[in-house]
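Q: dropping the sequence and predicted coords here.
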Amino acid sequence: QGRLRESGGGSVQAGGSLTLSCAASGNSYSTYCMSWFRQVPGKEREGVARMHSRGATRYADSVRGRFSISRDSAKNILYLQMNNLKPEDSAMYYCAADCVHSGGDVVGYNYWGQGTQVTVSS
């Protein structure tokens with residue numbers, strides 16, 4: 001069974017950058033639909049960025065132009081490059097793999113990581 005493990009979180013000042021990694025094991029996710037989510041306690045989980053199986057990407061409006069999702073298929077790692085970070089980007093960040101589709105929409109994922117915390121101070 002596949003496993004996902006996030007890393008790269010930490011504390012940074014506003015305007016700074018971080019790169020999150022999601023290392024996959026057990027399965028090869030090089031052709032999978034994969035995404036980054038984030039969640040703040042007491043709030044709903046928010047989709048941040050998605051990379052479809054053929055490489056197309058989508059971003060939440062709140063991060064478009066600042067965040068970039070990419071994948072190293074040879075290493076089976078998904079990345080999230082985060083630039084110009086803002087305090088409102090502070091959250092637990094999760095990666096997810098193997099989209100579940102329904103009616104042309106992505107409605108879920110079969111694999112989730114444990115998360116990595118990002119804290120941005122003003």
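A: Sure thing, it's come through.
Q: tell me what the helix-or-strand element of the chain with minimal mean pLDDT is packed against?
A: In the chain, no helix or strand scores lower on mean pLDDT, DSSP states H and E than strand 105-112, which sits at a mean of 90. In terms of contacts (3 or more CB pairs under 8 Å, 6 or more residues apart in numbering; DSSP states H and E), strand 105-112 is packed against strand 3-7, strand 91-102. The way it works is simple: take the backbone N, C-alpha and C, and place the C-beta from them, glycine included.
Q: tell me how far stretch 21-30 is from the chain's mean position?
A: Relative to its chain's centre, stretch 21-30 lies at 13 Å (CA atoms, centre = their mean, to the nearest Å).
Q: tabulate the helices and strands packed on strand 105-112 in CSV, adding columns for mean neighbour count, distance to Tyr79 and mean pLDDT.
A: Putting these into CSV (neighbours: other CB atoms under 10 Å; distance: least, CB to CB, whole Å; pLDDT from 0 to 100) gives the following:
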stretch, mean neighbour count, distance to Tyr79, mean pLDDT
strand 3-7, 18, 11, 94
strand 91-102, 19, 10, 93
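Q: switch those strands over to TSV; also include distance to Ala60.
A: Converted to TSV, the helices and strands packed on strand 105-112 look like this (distance: least, CB to CB, whole Å):
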stretch	distance to Ala60
strand 3-7	18
strand 91-102	12
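Q: nearest to Gly16, of those strands?
A: Closest of the helices and strands packed on strand 105-112 to Gly16 is strand 91-102, at 15.1 Å (criterion: CB to CB).
Q: just the angle between that closest one and strand 105-112, please?
A: 120 degrees (axes from the mean of the first three to the mean of the last three CA atoms, to 10 degrees).
Q: name the residues that touch strand 91-102?
A: Around strand 91-102, the neighbours that count as contacts under CB atoms under 8 Å, 6 or more residues apart in numbering are 2, 4, 6, 9, 20, 22, 24, 27, 29, 32-40, 45-46, 48, 50, 52, 78, 80, 106-118.
Q: among the residues you listed, which lie within strands?
A: 4, 6, 20, 22, 24, 34-39, 46, 48, 50, 78, 80, 106-112, 116-118 (DSSP state E).
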